[in-house]
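A.B. asks: Sequence and computational prediction follow.
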Amino acid sequence: MRVRILELEQQLAAAAAPPPAKRQRKSTAAADTSVPDDDDAPAAPTPAQQKKEDKKHQAQIKKLFDRLKKECKAADVKFQGSAKSVKFDEVLEKAEFDALFKDRGTLVQPTPQNKPKSTVTIIDFNASQAEAFFSEGGAKLDTLKGTRWTIGGGPRFAKSEKIGACDVRIQSMSVQYSANSMKATLKFDVHEVGGGSVYGTSHKSYGFGRLGGGLFF
């Protein structure tokens, strides 16, 4: 009888004890949350991967410059001695936009003083900043060309006439990007370099553009 009582007591004690396997799982889970796994850390790009990213970055800048070259040669962009404005849109993912423009130029929006919560980013570039941006992508700035035209009107109401090609330089660049639509609008102020008079024969016959008369412009 005494032996039977001892067996029952041992069985009750065993049933009341928590399963060792569950304790082990809890202990393992705690260890998993407290000890970071080095495999989760982002790996640094290999030289080959970095070279591939650099080529992609330069290709995107060259694409923008090629688009600017096309716009400067558009039929409705007539260089007549004053600066011209051209603009175009590009679709860029947020990561692509940041890779191209973040920490470049002068950030206008968002800033702590100007619409800090805005999803629209505006960055302005002066002439040297814009040229440095495109040069970084391997763009040849001296290939930026436009077309010079005479100024129409005058006493004889003459039409504008095409004079020929001219060199063009960037005066300023402004980039506006919407994170919601992923649309980037690039606006440029560009101006011609060199060249002579832009007054046609109708103007010149009345003294426009000449040094001798009092109607020199």
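C.D. replies: All right, it came through fine.

A.B. asks: buried set for the helix or strand containing H57?
C.D. replies: Per DSSP states H and E, H57 falls inside helix 47-72. Within helix 47-72, the residues that count as buried by 16 or more other Cβ atoms under 10 Å are Q60, I61, L64, F65, L68, K69, E71, C72. From N, CA and C alone the C-beta is placed, and that goes for glycine too.

A.B. asks: For these, could you give me JSON lines that also reports pLDDT and distance to F101?
C.D. replies: Supplementary listing: the buried residues of helix 47-72 in JSON lines, determined by pLDDT from 0 to 100; distance: Cβ to Cβ, whole Å:
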{"residue": "Q60", "pLDDT": "94", "distance to F101": "11"}
{"residue": "I61", "pLDDT": "96", "distance to F101": "10"}
{"residue": "L64", "pLDDT": "97", "distance to F101": "10"}
{"residue": "F65", "pLDDT": "97", "distance to F101": "14"}
{"residue": "L68", "pLDDT": "97", "distance to F101": "15"}
{"residue": "K69", "pLDDT": "96", "distance to F101": "20"}
{"residue": "E71", "pLDDT": "97", "distance to F101": "19"}
{"residue": "C72", "pLDDT": "96", "distance to F101": "21"}
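
A.B. asks: Distance to E192 added to those, as a markdown table?
C.D. replies: As requested, the buried residues of helix 47-72 are exported to a markdown table (distance: Cβ to Cβ, whole Å):
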| residue | distance to E192 |
| --- | --- |
| Q60 | 27 |
| I61 | 23 |
| L64 | 21 |
| F65 | 18 |
| L68 | 15 |
| K69 | 14 |
| E71 | 14 |
| C72 | 10 |
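
A.B. asks: wait, what's in contact with G137?
C.D. replies: H57, Q58, A59, Q60, I61, K62, L64, F65 (Cβ atoms under 8 Å, 6 or more residues apart in numbering).

A.B. asks: for A99, same thing?
C.D. replies: Per Cβ under 8 Å, 6+ apart, neighbours of A99: H57, Q60.

A.B. asks: if I look at it, how far off is I122?
C.D. replies: Look at A99 and I122: by Cβ to Cβ, to the nearest Å, they are 18 Å apart.

A.B. asks: now for the helix holding H57, which elements pack on it?
C.D. replies: strand 84-91, helix 94-101, helix 127-136, strand 145-149, strand 183-193 (3 or more Cβ pairs under 8 Å, 6 or more residues apart in numbering; DSSP states H and E).

A.B. asks: Which residue is the nearest non-sequential neighbour of A130?
C.D. replies: Nearest residue to A130, sequence neighbours excluded (Cβ to Cβ, 6 or more residues apart in numbering): M173, at 4.1 Å.
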